[in-house]
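Enquirer: What follows is a predicted protein model with its sequence.
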Amino acid sequence: MITVLVVDDDFMVARIHHGFVSRVPGFEVVGTANSGDAALDSLRSLRPDLVLLDLYLPDGFGLDLIARMRAVQPEVDILVITAAREADAVRGAVRQGVVNYLLKPFGFEDLRGRLEEYARRRASVPDQVTTQADVDRVLSPARPATNRLPKGLSQETAALVATALRTHPDSLSAAECAEKVGISRVSARRYLEFFCTRSQAEVTLRYGTTGRPERRYRWK
């Protein structure tokens with residue numbers, strides 16, 4: 001399990017983020033904190049793998065807290081969750097090595113995608129680096145599918161298609177997915193093929209007695 005500390009000055013928001021994280025398999029919230037000092041205390045006692053860090057805290061700016069957090073626990077990873085849209089804040093977070101930067105407000109799928117990407121990157125570090133490809137897999141930037149959709153595809157529909165595919169016990173054809181989501185078969189296939197290019201879904205061919213084989217999609 002990847003252990004998580006949620007840091008947010010708003011108790012209700014922290015509770016919502018706690019609930020979001022708890023819904024993602026492989027992640028466990030071990031504590032919440034509502035100030036910078038409380039976050040440092042929790043870091044010392046709980047030793048989480050990942051901190052979800054709000055930047056607007058009552059006792060200081062979150063970016064100024066990162067160095068203090070790493071002094072307490074050098075190996076901790078930090079995912080910034082904030083309403084701060086200033087370019088300087090984003091650049092400062094990148095310079096300090098945060099694993100991602102998520103703007104409020106956001107939905108469960110937005111956070112889920114980033115947590116799953118973080119887990120994949122964390123698991124991609126081999127015990128021994130032997131080739132440049134090993135390094136590239138670790139250092140390649142996170143690219144959540146919801147933020148890199150091709151032109152003509154929407155985040156909202158992508159989330160619906162992903163949910164239909166993820167919750168279906170078997171594979172789906174484009175026509176079956178279209179019926180579940182309420183879109184055209186052509187549109188459903190575009191989303192399904194996009195998820196395949198992202199390695200989030202896989203496609204198999206089902207051969208019938210006549211005609212071309214049917215493409216069937218399954219969430220990985």
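Expert: That came through, no problem.
Enquirer: okay, now the domains of the chain?
Expert: The chain breaks down into these domains under automatic domain parsing: 2-139, 149-219.
Enquirer: CA atoms only for the longest helix along the chain - export them in CSV, please.
Expert: In the chain, ranked by residue count with DSSP state H as the criterion, the top helix is helix 108-123. What follows is helix 108-123, C-alpha atoms only, in CSV (Å, rounded to 0.1, in the frame of the first residue of the first chain):
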residue,chain,number,x,y,z
PHE,A,108,-12.5,12.0,-8.3
GLU,A,109,-11.3,10.8,-11.8
ASP,A,110,-8.9,13.7,-12.0
LEU,A,111,-7.2,12.7,-8.8
ARG,A,112,-7.5,9.0,-9.5
GLY,A,113,-5.6,9.3,-12.8
ARG,A,114,-2.7,11.1,-11.2
LEU,A,115,-2.5,8.7,-8.3
GLU,A,116,-2.5,5.7,-10.7
GLU,A,117,0.2,7.4,-12.8
TYR,A,118,2.2,8.0,-9.6
ALA,A,119,1.9,4.4,-8.6
ARG,A,120,3.0,3.2,-12.1
ARG,A,121,6.0,5.4,-12.1
ARG,A,122,6.9,4.4,-8.5
ALA,A,123,6.7,0.7,-9.5
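Enquirer: Which helix or strand contains L205?
Expert: strand 201-206 (DSSP states H and E).
Enquirer: Could you tell me how far the nearest residue to A14 once chain neighbours are set aside is located from V99?
Expert: Of all residues not flanking A14 in the chain, D8 sits nearest, at 4.2 Å (CB to CB, 6 or more residues apart in numbering). Using the backbone N, CA and C atoms, a C-beta is placed for each residue, glycine as well. Distance, D8 to V99, using CB to CB, to the nearest Å: 17 Å.
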